[in-house]
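[1] Predicted coordinates and the sequence they were generated for:
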Amino acid sequence: MGRGDIMLFFFISFNVLEATQPSIVSKIAPLSAKGTAMGVFSSVQFLGAFFGSAMGGLLMQIYGGNAVFVFAVCMLLLWLLVASGMRPPLPLKTMMYHLPVFE
């Protein structure tokens, strides 16, 4: 498996997560808090991108590229530990309401 194959796998996985995570949040959030849940999710997602980039730049400047890799692996292992205790959300049934035609 070459470097290009690894990059392809990474970006396919990344794009799948970018679409499925907000969908899961909107499905499990109660109707009265759906907007708040989506707002908090988006805010945390962008704050994570900001602080992760800032930390990567700081580590790169002080310790070099290997430190950035070690930091990323540590964050990955921490997330896998947290995610291992999660349960998948219950399947939902889509409901459609048919409205009468007004003429």
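    Sure thing, it's come through. Numbers count the residues shown, from 1 in each chain.

[2] pLDDT (mean, whole number) over stretch 37-55?
    On average, the pLDDT along stretch 37-55 is 94.

[3] Residues touching it, excluding its own?
    For stretch 37-55, contacts defined as Cβ atoms under 8 Å, 6 or more residues apart in numbering pick out 21-22, 25-26, 29, 71, 75. For glycine as for every other residue, the C-beta is placed from the backbone atoms N, C-alpha and C.

[4] Quick check on those residues: which are buried?
    Using 16 or more other Cβ atoms under 10 Å as the burial test, those include 25, 29, 71 as buried.

[5] can you tell me which of those residues lies nearest to Met7?
    The closest of these to Met7 turns out to be Phe71 (Cβ to Cβ; 20.0 Å).

[6] The closest one contacts Leu59, doesn't it?
    Yes: assessed by Cβ atoms under 8 Å, Phe71 is found in contact with Leu59 at 5.6 Å.

[7] returning to that earlier point: make JSON lines out of the buried ones among the contacts of stretch 37-55 and add distance to Leu92 and secondary structure.
    Shown next, in JSON lines, are the buried ones among the contacts of stretch 37-55 (distance: Cβ to Cβ, whole Å; DSSP: H, G, I helix; E, B strand; the rest coil):
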{"residue": "Val25", "distance to Leu92": "13", "secondary structure": "helix"}
{"residue": "Ala29", "distance to Leu92": "12", "secondary structure": "coil"}
{"residue": "Phe71", "distance to Leu92": "37", "secondary structure": "helix"}
